[in-house]
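Participant: coords please:
(6 chains)
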Protein chains: 4
Amino acid sequence: MTGPNWEPRRLTAVKAELPEGVTPPGTRGRILHAALLLFAERGFHGTSIRDLARVTEINSATLYAHYAAKEDILAELIALGHVELYNGMLTALSTAGPSARDRLVALVRAQVHMHADYPLLAVVANNEMHALSPQKAAPALSLREQARQLLYGVLRDGVAAGEFAIGDQVLAGIALGSIGIRVANWFGPDQPYTRDQVADTFAEYALRIVCALPIKESS
Amino acid sequence: MTGPNWEPRRLTAVKAELPEGVTPPGTRGRILHAALLLFAERGFHGTSIRDLARVTEINSATLYAHYAAKEDILAELIALGHVELYNGMLTALSTAGPSARDRLVALVRAQVHMHADYPLLAVVANNEMHALSPQKAAPALSLREQARQLLYGVLRDGVAAGEFAIGDQVLAGIALGSIGIRVANWFGPDQPYTRDQVADTFAEYALRIVCALPIKESS
Amino acid sequence: MTGPNWEPRRLTAVKAELPEGVTPPGTRGRILHAALLLFAERGFHGTSIRDLARVTEINSATLYAHYAAKEDILAELIALGHVELYNGMLTALSTAGPSARDRLVALVRAQVHMHADYPLLAVVANNEMHALSPQKAAPALSLREQARQLLYGVLRDGVAAGEFAIGDQVLAGIALGSIGIRVANWFGPDQPYTRDQVADTFAEYALRIVCALPIKESS
Amino acid sequence: MTGPNWEPRRLTAVKAELPEGVTPPGTRGRILHAALLLFAERGFHGTSIRDLARVTEINSATLYAHYAAKEDILAELIALGHVELYNGMLTALSTAGPSARDRLVALVRAQVHMHADYPLLAVVANNEMHALSPQKAAPALSLREQARQLLYGVLRDGVAAGEFAIGDQVLAGIALGSIGIRVANWFGPDQPYTRDQVADTFAEYALRIVCALPIKESS
DNA sequence: TATGAATGAGGCTTCATTCAT
DNA sequence: GATGAATGAAGCCTCATTCAT
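Facilitator: The predicted model follows:
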């Protein structure tokens, strides 16, 4: 895996690869950053410890002064990604209006924002989970489930309150999640949209999917 | 990569892994089948030539009597997947009514069917492209682009004919594609839906996204 | 060993690679011919059974209908080369004058001719002997020793007859042999000499080395 | 290539295999030493990386901490051999008398000495060049050409000065070189000659070949 | 004769990891 | 912290050879 990779999974040119405040200081942070780039581009098994060391500009043995194993770097990234998404959703809900409609919009926008702001992190978190042992994957899987419950809670409330008209809440939730999760695979600075334009548009689609009546000032 | 994989990417229990009529006869077909299972579960770089040989129940050297390189097995799978999707979309269009609405429904249903019927193939085709050299990836990328054009052609026609009301056709197309592509990641025999129920529901969502007026008896 | 070899040991463009009448008929002969080219260029261990098959334009398994093992092809070539040299020397002696001087000239010329006419064969016979098992090498080694004795016999006679003035017959024999054996490494159609010009010149050198008085009509 | 080799190319029992001062320290030097022995005996393609590791008494992976590829070990040996020969010739010339005769003797003696002192190195440098890529072979080929020019310069001068009487300088140079280069193939501690006896004798032959008048007390 | 498929052994090289310095 | 050297295992692939057809 020394050579260049062929078809980039993700545009490497994204401004901020990791959320603010979560990057470890010093060498450990640079390792994590290199792993983010490489795991997103080539996958965990397509990236060697020496690839990581080369990008980080350290000796490969030095990696082990910061991480016990290659797997632990991936685990940290995947945890980071899931935390970021879940926290973003929580924050969005906390400032959203009380209606199911407002909360749904907040959740969709939060998901879009996370995937548009940290696409590499999202790609790694979504595609490389299978390379983690069950123990190392557990925290992320738990957050993933909690995030899912946030969405389904809103759907349930919206249906109960008569705000939404959907036959199958499970399929609706899947469709909504699918739209958001794929943002990481296509959005980038080369696109003629801002993150908010995408978020607004996809929130609108979400409302249509759940048949929320476009009362007045929908985005 | 001898041990079991941790977090399954895909439920292995799917009935028909490869489309009818495309599996090569004999050992070559068995190799392709093993590769489909393993690449879907562990990824290309997470699957060794010996893993493939073990599952195929042949000597690893025998692989090279049928494929020139490990990469070629992946290339064949990815080509197969893209052909299947594109042909499915073409067939669907050929039997659909002339309205943009009917054609959109046909395309969405075709995409759902392909991803529901051959989830392993879809996962490999979507997630492992980066492991192919540009040359080997080219045919599939070409088909992918052609399939995209089918969808955008329908969207364009629908907007022009006043059947659809969407502000941004590109974002609409992405959203529609996202819903369909993710089917491969969650649908399976363990789900309480038939493929047609999913196809119908997602076609309905598609119509809502493009604001097609629910004229009469839409699904 | 599929790729091209780098620095050709020998110009491949030599007219007749194998002595007349010794090439086996049919496929066996074509295999032998291919082995001659490839063993000379890349060495025995640098040439694979499939390289041989490719050049011969047969399936590699077909080789075993003609030779029991790769080593046997080499053994045949090496035997051929040694027979050719030894026979050439015998024939030369049989038509040479009775003097040691004449016989020395005949031997040197014969050695030059063989190495100039069949350089590939000579290179293989000289450089690849180490790849043969002792049993398979024995016939050639025996001929080599007999050829050596022909030369040393002439040297001995010349010294005894007062025709030659050399301190150490062994070193003189080695020097004479060295000049001849290296012909295979440099002579070719690209050289501005005929085989006879080289033979004449080197025969002259030989006479000088053994201090044969240039009586009258030396070349 | 695990078993013993059949017909030894070279007697392994030579005292000093590599010139003083050029062996790298530590493991790298031991690898180089092992490669010298094995490449001389079995050839580059007849020696496996595991053979090298076994003789060096290291793990085969450790080789790659010291050399990037098997080919690089050969390249270093071949470079070393050509440097040694060329330097020996330069040194010999620098201490030789000004006459062409003295300089020719110096060159021949230097060539004999190098091939007698480091026969393994000479065998590798002469016989295994074909296994190097053009790039890796270039430095040695350049030195080889420079060494050739040293000899032809002396021949030219000797002819111009009337010291030598040779019809064709090219053939004379080839003959002289042939005698020296073959020393590596037969000289060894089992021979009843010292290196200087061989050098003196072959220098004498050289003078005869170029028809240098044996003025006074030539060796 | 000829071949496609098969195989056990081994080719060169890289893997993730450890350890003495 | 950092590193060069070391290692056992494994990476992909080719080896010479066999065999049923």
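
Participant: Show me which residues of chain A sit near DNA strand E.
Facilitator: Counting by Cβ under 7 Å from any atom of the strand, the residues of chain A lying close to DNA strand E are A:1-2, A:47-51, A:60-61, A:63-64, A:68-71. Every residue, glycine included, has its C-beta placed from N, CA and C.

Participant: Closest one to residue C:146 out of those, please.
Facilitator: Closest approach between these and residue C:146, by Cβ to Cβ: residue A:2, at 55.4 Å.

Participant: any low-confidence regions in chain A?
Facilitator: Low-confidence segments of chain A, defined by pLDDT under 70, are located at A:1-16, A:213-219.

Participant: how is it carved up into domains?
Facilitator: A:26-69, A:71-209 (automatic domain parsing).

Participant: ok and the residue in chain A nearest DNA strand F?
Facilitator: residue A:61 (2.9 Å; Cβ to the nearest atom of the strand).

Participant: mind checking how far that residue is from residue A:67?
Facilitator: 12 Å (Cβ to Cβ, to the nearest Å).

Participant: Next: residue A:136.
Facilitator: Residue A:136 sits 12 Å away from residue A:67 when distances are taken as Cβ to Cβ.

Participant: And stretch A:64-81, what's buried?
Facilitator: Neighbour-count burial for stretch A:64-81 flags A:66-67, A:70, A:73-81 (criterion: 16 or more other Cβ atoms under 10 Å in any protein chain shown).

Participant: and these, which two are the farthest apart?
Facilitator: Those two in those that are separated most widely, counting by Cβ to Cβ, are A:66 and A:81, at 19.3 Å.

Participant: if we can go back for a sec, pick the one among the residues of chain A next to DNA strand E closest to residue B:109.
Facilitator: Each of the residues of chain A next to DNA strand E was checked against residue B:109 using Cβ to Cβ; the closest is residue A:47, at 38.3 Å.

Participant: Which secondary structure element is home to the most centrally placed residue in chain A?
Facilitator: Nearest to the centroid of the C-alpha atoms of chain A, with distances taken as Cα atoms, centre = their mean, sits residue A:122, at 3.5 Å. Assessed by DSSP states H and E, residue A:122 sits inside helix A:119-127.

Participant: about what we covered before: rebuild the domains of chain A as JSON lines, extending it with distance to residue D:26.
Facilitator: Output for these, formatted as JSON lines (distance: least, Cβ to Cβ, whole Å):
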{"stretch": "domain A:26-69", "distance to residue D:26": "19"}
{"stretch": "domain A:71-209", "distance to residue D:26": "33"}
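
Participant: between the ones you listed, which one is nearest to chain C?
Facilitator: The closest of the domains of chain A to chain C is domain A:26-69. By Cβ to the nearest Cβ, the value is 25.7 Å.

Participant: So that closest one, near chain B or not?
Facilitator: Yes: Domain A:26-69 lies within reach of chain B by Cβ under 8 Å from any Cβ of the partner chain, at A:41-46.

Participant: picking that back up, compile the buried residues of stretch A:64-81 into TSV and extend it with columns for distance to chain C.
Facilitator: What follows is those, written out as TSV (distance: Cβ to the nearest Cβ, whole Å):
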residue	distance to chain C
A:66	41
A:67	40
A:70	34
A:73	38
A:74	37
A:75	42
A:76	43
A:77	40
A:78	42
A:79	47
A:80	46
A:81	44
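
Participant: Filter the residues you listed down to the ones in helices?
Facilitator: Within these, residues falling in helices by DSSP state H are A:70, A:73-81.

Participant: Which of the buried residues of stretch A:64-81 sits closest to residue D:56?
Facilitator: Distance to residue D:56 across the buried residues of stretch A:64-81 (Cβ to Cβ) is lowest for residue A:70, with 29.5 Å.

Participant: ok, that closest one to residue B:131 distance?
Facilitator: Residue A:70 sits 19 Å away from residue B:131 when distances are taken as Cβ to Cβ.

Participant: what do you get for residue A:91?
Facilitator: Counting by Cβ to Cβ, the gap from residue A:91 to residue B:131 is 37 Å.

Participant: So which of the two has more stuff around it?
Facilitator: With other Cβ atoms under 10 Å in any protein chain shown as the criterion, residue A:91 and residue B:131 differ in neighbour count, and residue B:131 comes out ahead with 25 against 12.

Participant: Quick check, the more buried one in contact with residue B:74.
Facilitator: Yes: with contacts defined as Cβ atoms under 8 Å, residue B:131 counts as touching residue B:74 at a distance of 6.1 Å.

Participant: Now list whatever residues contact both of those two.
Facilitator: Contact with both residue B:131 and residue B:74 is made by residues residue B:44, according to Cβ atoms under 8 Å, 6 or more residues apart in numbering or on different chains.

Participant: Which residue ranges of chain A form helices?
Facilitator: A:26-42, A:49-56, A:70-95, A:100-117, A:119-127, A:134-160, A:169-181, A:183-186, A:195-209.

Participant: Next, the angle helix A:169-181 makes with the third one.
Facilitator: When you say that, I think you mean helix A:70-95. Angular relation of helix A:70-95 and helix A:169-181 on a 0 to 180 degree scale: 110 degrees, by axes from the mean of the first three to the mean of the last three Cα atoms, to 10 degrees.

Participant: got the contact list for the closest residue to residue A:70 other than its chain neighbours?
Facilitator: The shortest distance from residue A:70 to any non-neighbouring residue, by Cβ to Cβ, 6 or more residues apart in numbering or on different chains, is to residue A:49 (5.7 Å). Applying Cβ under 8 Å, 6+ apart, one finds that residue A:49 lies in contact with A:60, A:63, A:70.

Participant: Out of those residues, the closest to residue C:102 would be?
Facilitator: Of all these, residue C:102 sits closest to residue A:60, with 72.7 Å by Cβ to Cβ.

Participant: can you count the residues close to that closest one?
Facilitator: Using other Cβ under 10 Å, the number of residues around residue A:60 comes to 14.

Participant: With adjacent residues omitted, what lies nearest to it?
Facilitator: With Cβ to Cβ, 6+ apart as the criterion, residue A:60 has its nearest non-adjacent residue at 3.8 Å, and that residue is residue A:53.

Participant: isn't the one you found right next to residue A:64, touching?
Facilitator: No: with contact defined as Cβ under 8 Å, residue A:53 and residue A:64 do not form a contacting pair (10.3 Å).

Participant: Hmm, residue A:151 is touching residue A:173, no?
Facilitator: Yes: the pair formed by residue A:151 and residue A:173 meets the contact definition of Cβ under 8 Å, at 5.4 Å.

Participant: Among those two, which residue is more densely surrounded?
Facilitator: Of the pair residue A:151 and residue A:173, residue A:151 is the one with more neighbours under other Cβ under 10 Å, namely 23 against 19.

Participant: What separation is there between the more buried one and residue C:74?
Facilitator: For residue A:151, the distance to residue C:74 under the criterion Cβ to Cβ works out to 73 Å.

Participant: just residue A:53 next, same as before
Facilitator: Separation of residue A:53 from residue C:74 (Cβ to Cβ) stands at 46 Å.

Participant: And residue A:138, by the same measure?
Facilitator: Residue A:138 sits 62 Å away from residue C:74, taking Cβ to Cβ as the criterion.

Participant: Then residue A:113?
Facilitator: Distance, residue A:113 to residue C:74, using Cβ to Cβ: 71 Å.

Participant: what does residue A:184 give?
Facilitator: When distance is defined by Cβ to Cβ, residue A:184 is 60 Å away from residue C:74.

Participant: Residue A:186 too?
Facilitator: In this view, residue A:186 and residue C:74 are 60 Å apart by Cβ to Cβ.
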